[in-house]
Each structure stands twice: as structure tokens, then as C-alpha cells.
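S.K.: pasting the sequence and the predicted coordinates here, then a few questions.
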Amino acid sequence: MRYGILASHQYPRGVDLRKNLSELFSLVEYAAGLEYDSVYAIHHYVANLQTPQVISMTASLLGCSGNMKVGTSILLLPFLHPVHVAEEYATLDQLSGGRIILGVGAGYRDVEFDAFSLNKKERGSRIAESIEVIRKLWTDTPVHHTGRHFQLTGQRISVPPLQAGGPPIWVGAGAFPAIERAARIGDAWLAPGNSPTEGWFEKALGHYNRALVESGKNKTVTDRPVIVELYCAASDEVAREESLPFIRDEYFTYSDYKQLEWQKSRFDFLWEKMFVVGGPETVAKKIAVLSKFGFDQIIYRPFWIGMPMSMARESVRLVAKEVRPRVAEILRAE
């Protein structure tokens, strides 16, 4: 099992952004010292929170992440031209020494599609064609492409990526048809760790695994990442008491968006069934369950809006020093 953190760089309007980002970069450097495997930038436009943009944040994370992989979770691909993305992330791959993972998604917030005057119904075709164009450009050869959204007539990328074939492309998806598409077009499905229904993981993985077999990729896809809400403290009681106000406030803030209204009404279910909150033993057991589903990398948000960074640092330390060895022991015993 590998461990990564989500650099959740979103803050209320009016707070000192530079101070908060400085604290975030310090936390990433701390995680690198604890031998975490990866860190991921997030992406949104016209948000109700201050959200620095993903390409700038990916570049900024390179300097404080040590040997960690640096990725995006997720870059909203329909809002960017694939030539732009291919050039930027090939450059970042060079600058990072080949540590880049490009996690992409189709987007869901109406306000973003409205701001860009894009048809939300085209997001699936846009993300699929964009990935096709990016992969072609990353071959560092002239590209000829005539598609529904993009056309290239022999253009060649100016900076090739360092990794052969380019950084791995992970595709985030929550709806079953989108998960099947992720199997066809991605190097991995970047699975969300929360769902409003019991038994969702089993159903979603069934769709994903069948689509992998149908596309002939069941033996080539090896990465199985999942994003979770995780907080660890000295005991279950302390972890729940400390984290609940911050997690709840952040989720209620998300529910301002129509597509996430369900999170407010289903928060109690998410809190009890989906979030990984507790002392080291409880957190380790919950991660071991995710491993049984086939996931091999946990990516978790280490803090929520307003949480003191001292609490986040202690949780990150406990996961590295106490949870990680417990998970390894549980998996060896099985």
C-alpha cells in the first residue's frame, strides 16, 4: 500500500492566502520527510473558495516534495486545450525528474461550464479526445489529428516529457459509464472515496474491471488509487471529536453546488461509513478493507477548511509512523 496526500489548496475568501500556502508547502515537505509516496494538486474555476490554479500549484509542489510523485487530483481537462496540457505537463515532467502523474476528470460544476460557455453534455467526448491528443503529442513526433473538438496538422510538441510515453494519465470518475470510460482511456481509475449508497465500491469496481477486460487492459493497468477523507489521532474518540467540525463545515460548503447538495443530507452516512477517521488501529483496519477491494494507493486530504496545521501534521505523522506499519502487518497476516 502506498500513501499520498491531497494538497487541498482551497481557502475562504478574505484569509491570508500566502500564509496558508506556506503552511501547506511546509506540510508537504514534512510528509516527504516521512517517506510519503505522492502529493496531488486540485483544480477548480470560479469557486466559492480561494483556489489557486492547478498548473501553478503543481509547479510549486515540485520544490517541497522531495522524491514524492507530484500529480493532479484532478485537472479538469474539458476546460483546457490538450496542446496546452501536453506542453505544460511535459515541461513539469522534465523539471521534476520524471515524477509527474496527470490525474484528469470531466468536471461536474455547472458554474464552470457556464463560465467557459461549454456544453456540459460534451465533457465525455472532450476528455476522451483530449487524452488521445495528449498521448500523440507525448510521442514527440509530428501529430496529425482530425477530431470532433481538435485538429492538428503535423505539429510537434516543443518539450518532450522525460517519462517514456509521458506521465501516467489517471482518470477520475464517479458515475458508472464514466468509470467504464476511465478503464478504456486511462492508465488508472482515480476512484472517489465517498458515495451516497452502501455497496457502491463493489458495483463500481465491477464496472471498471469488466471494462478493463473488454478493452484488453486488465493485465496492463497496475495502479489502483483511491481518494479518501482521512484523519488520525491518538484514539477514535479524539479523532472524531477533533475532525468532525472541520469536515462537516467543508462538506456543507461543497453542498452549495447543486451537484453536491446530496452531501449535506447524506453527511451522517458519509461520516459513519465512508470517511476514514479514528485512532491508528481503526484507520489501519479501514485501509486494509480498501486494500481487499484491490486499491493499492491511498490518497487522502490531510486537513479541511479552518483546521490548525498542527492537527494535520500530527495526523500525517501518525499515518506514517503507526498506521502504515499496522496496515502492512494486517496484509501480511492475510
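M.R.: In hand now; what should we look at?

S.K.: my read is that P78 contacts A128, right?
M.R.: No. If you go by C-beta atoms under 8 Å, P78 and A128 don't touch, sitting 10.3 Å apart. Where C-beta positions appear, they are placed from N, C-alpha and C, glycine not excepted.

S.K.: of these two, which one has the most company?
M.R.: Of the pair P78 and A128, P78 is the one with more neighbours under other C-beta atoms under 10 Å, namely 23 against 20.

S.K.: confirm that that one sits in a helix.
M.R.: Yes. Counting by DSSP: H, G, I helix; E, B strand; the rest coil, P78 is found in a helix.

S.K.: could you find the closest non-adjacent residue to it?
M.R.: Nearest non-adjacent residue to P78, counting by C-beta to C-beta, 6 or more residues apart in numbering: R126, 4.2 Å away.

S.K.: check contacts around that neighbour.
M.R.: L77, P78, A106, L118, H149 (C-beta atoms under 8 Å, 6 or more residues apart in numbering).

S.K.: only C-alpha atoms, please: export the host helix or strand of it in PDB.
M.R.: Under the criterion of DSSP states H and E, R126 resides in helix 123-137. The C-alpha trace of helix 123-137 is given here as PDB (Å, rounded to 0.1, in the frame of the first residue of the first chain):
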ATOM      1  CA  ARG A 123     -17.500  16.700 -21.400                       C
ATOM      2  CA  GLY A 124     -17.100  13.000 -22.000                       C
ATOM      3  CA  SER A 125     -16.100  13.300 -25.600                       C
ATOM      4  CA  ARG A 126     -13.800  16.200 -24.800                       C
ATOM      5  CA  ILE A 127     -11.900  14.400 -22.100                       C
ATOM      6  CA  ALA A 128     -11.500  11.200 -24.300                       C
ATOM      7  CA  GLU A 129     -10.300  13.200 -27.300                       C
ATOM      8  CA  SER A 130      -8.000  15.400 -25.200                       C
ATOM      9  CA  ILE A 131      -6.300  12.300 -23.800                       C
ATOM     10  CA  GLU A 132      -5.900  10.900 -27.300                       C
ATOM     11  CA  VAL A 133      -4.300  14.200 -28.500                       C
ATOM     12  CA  ILE A 134      -2.000  14.500 -25.400                       C
ATOM     13  CA  ARG A 135      -0.700  10.900 -25.800                       C
ATOM     14  CA  LYS A 136       0.000  11.600 -29.500                       C
ATOM     15  CA  LEU A 137       1.900  14.700 -28.700                       C
END
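
S.K.: list the buried residues in it.
M.R.: For helix 123-137, the neighbour count (16 or more other C-beta atoms under 10 Å) marks 123-131, 133-137 as buried.

S.K.: format the residues you listed as TSV; extra columns: distance to K219 and pLDDT.
M.R.: Shown next, in TSV, are these (distance: C-beta to C-beta, whole Å; pLDDT from 0 to 100):
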residue	distance to K219	pLDDT
R123	29	97
G124	26	96
S125	28	97
R126	29	98
I127	24	98
A128	22	98
E129	26	98
S130	26	98
I131	20	98
V133	26	98
I134	23	98
R135	19	98
K136	24	98
L137	26	98
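
S.K.: burial count for L80?
M.R.: 18.

S.K.: pretty sure A128 is touching R181, no?
M.R.: Yes. Counting by C-beta under 8 Å, R181 is a contact partner of A128 at 6.6 Å.

S.K.: hang on, the earlier thing: out of the contacts of R126, who's the most crowded?
M.R.: L77 leads those on contacts (other C-beta under 10 Å) with 28 neighbours.

S.K.: can you list the residues that contact the lowest-mean-pLDDT helix or strand in the chain?
M.R.: Lowest on mean pLDDT, DSSP states H and E among the helices and strands of the chain sits helix 262-265, with a mean of 74. With contact meaning C-beta under 8 Å, 6+ apart, helix 262-265 is reached by N194, P196, Y251, F252, Y254, S255, L270.

S.K.: most neighbours among these, please name it.
M.R.: Among the contacts of helix 262-265, Y251 has the most neighbours (other C-beta under 10 Å), with 21 neighbours.

S.K.: show me the contacts for that residue.
M.R.: Y251 touches Q263, K264, F267, L270, counting by C-beta under 8 Å, 6+ apart.

S.K.: same check, this time on G278
M.R.: C232, A233, S235, D236, A239, R240, K286.

S.K.: how about T141?
M.R.: So T141 contacts R156 (C-beta under 8 Å, 6+ apart).

S.K.: can you tell me how far it is from A204?
M.R.: Using C-beta to C-beta, to the nearest Å, T141 is found at 36 Å from A204.

S.K.: how near is the residue positioned nearest the centre of the chain to R18?
M.R.: Taking C-alpha atoms, centre = their mean, the centroid of the chain lies closest to S73, which sits 2.7 Å from it. For S73, the distance to R18 equals 23 Å [C-beta to C-beta].
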